[in-house]
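Let me see the structure of the following:
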Amino acid sequence: MQAAHLLLVEDDAEIRGTLAEFLRGKGYVVDEAESGEQAMAHLESPGIDLVLLDVMLPGIDGLEVCRRIRAKGGPRIIMLTALGEATDKVVGLEIGADDYVTKPFDLRELLARVRAMLRRAAGEATPGGSAPAADSGDVVLRFAGFSFFPYRRFVRSAAGVRILLTGTETDLLLALCKHPRQVLSRDELIALTRGEAFPISARSVDLLVSRLRRKLATNDPLDNPIRTVRADGYVLHADVAQA
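Residues are numbered from 1 along each chain as shown. All right, here's what the predicted structure looks like:
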């Protein structure tokens, strides 16, 4: 099996060197960038599977790099944020980051998150624990006029508009589709999308759901398939059929 290709974007040379050496020792191919401009240059070439992206960078900062990557539908992103930068975490998730790790972090924790993110990206594991079929790229879930391609990370509207999703949005929508018309609490969504080992805040779940609702918005705001159940959580208010 070909080694996963990571892009590590970190301006602190000592931290970058330590992380790169550690990840290479675990079998990954690691490209290094010390600025946002270098990161974007690396991403001009295909083949990057995952980006480890520091928020505080010289020149183009990490949030802007994240925004640009996501606008192109690029690879999954784990943000590296300093302790106390709660606002950056929220903004990062809003603009398309898939996960974040707070500095200082344990290298084993980072490795676990990298492995989990790569598994989801490859479709080797899904929320709920079932492995996809060999032709999982062709799986389509249909609901409320939308066609959802979870392993290709996009939704097609009834009008044929292609709507790109981030990795976390994909995981969240897949969790809702696996439990249609069932109210899921924030804690349940956290467990279904990224596992209890790496909990995110309820506020982050709210932001992710809000972002998904905007992407699935129709002309009638009351007709959104994802609905809020006050004090209980969220529900996909539609039947789901697999094609």
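
For this structure, which segments count as strands?
Counting by DSSP state E, the chain has strands at residues 5-9, 29-33, 50-54, 76-82, 99-103, 141-143, 146-149, 154-156, 162-164, 226-229, 233-236, 241-242.

Which among the ones you listed is found nearest to E109?
strand 99-103 (6.9 Å; C-beta to C-beta). For the C-beta atoms, the positions are set from N, CA and C on the backbone; glycine is no exception.

Just send the strands of the chain back as a markdown table, with mean neighbour count, mean pLDDT and distance to R68 too.
Below are the strands of the chain laid out as a markdown table (neighbours: other C-beta atoms under 10 Å; pLDDT from 0 to 100; distance: least, C-beta to C-beta, whole Å):
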| stretch | mean neighbour count | mean pLDDT | distance to R68 |
| --- | --- | --- | --- |
| strand 5-9 | 23 | 96 | 12 |
| strand 29-33 | 19 | 96 | 13 |
| strand 50-54 | 25 | 94 | 11 |
| strand 76-82 | 22 | 87 | 11 |
| strand 99-103 | 19 | 83 | 18 |
| strand 141-143 | 18 | 95 | 29 |
| strand 146-149 | 20 | 93 | 23 |
| strand 154-156 | 18 | 90 | 18 |
| strand 162-164 | 14 | 87 | 14 |
| strand 226-229 | 16 | 93 | 27 |
| strand 233-236 | 21 | 95 | 29 |
| strand 241-242 | 10 | 92 | 34 |
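
Same list, these, but as JSON lines with distance to G92 please.
Shown next, in JSON lines, are the strands of the chain (distance: least, C-beta to C-beta, whole Å):
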{"stretch": "strand 5-9", "distance to G92": "13"}
{"stretch": "strand 29-33", "distance to G92": "17"}
{"stretch": "strand 50-54", "distance to G92": "9"}
{"stretch": "strand 76-82", "distance to G92": "4"}
{"stretch": "strand 99-103", "distance to G92": "6"}
{"stretch": "strand 141-143", "distance to G92": "27"}
{"stretch": "strand 146-149", "distance to G92": "24"}
{"stretch": "strand 154-156", "distance to G92": "21"}
{"stretch": "strand 162-164", "distance to G92": "17"}
{"stretch": "strand 226-229", "distance to G92": "22"}
{"stretch": "strand 233-236", "distance to G92": "21"}
{"stretch": "strand 241-242", "distance to G92": "32"}
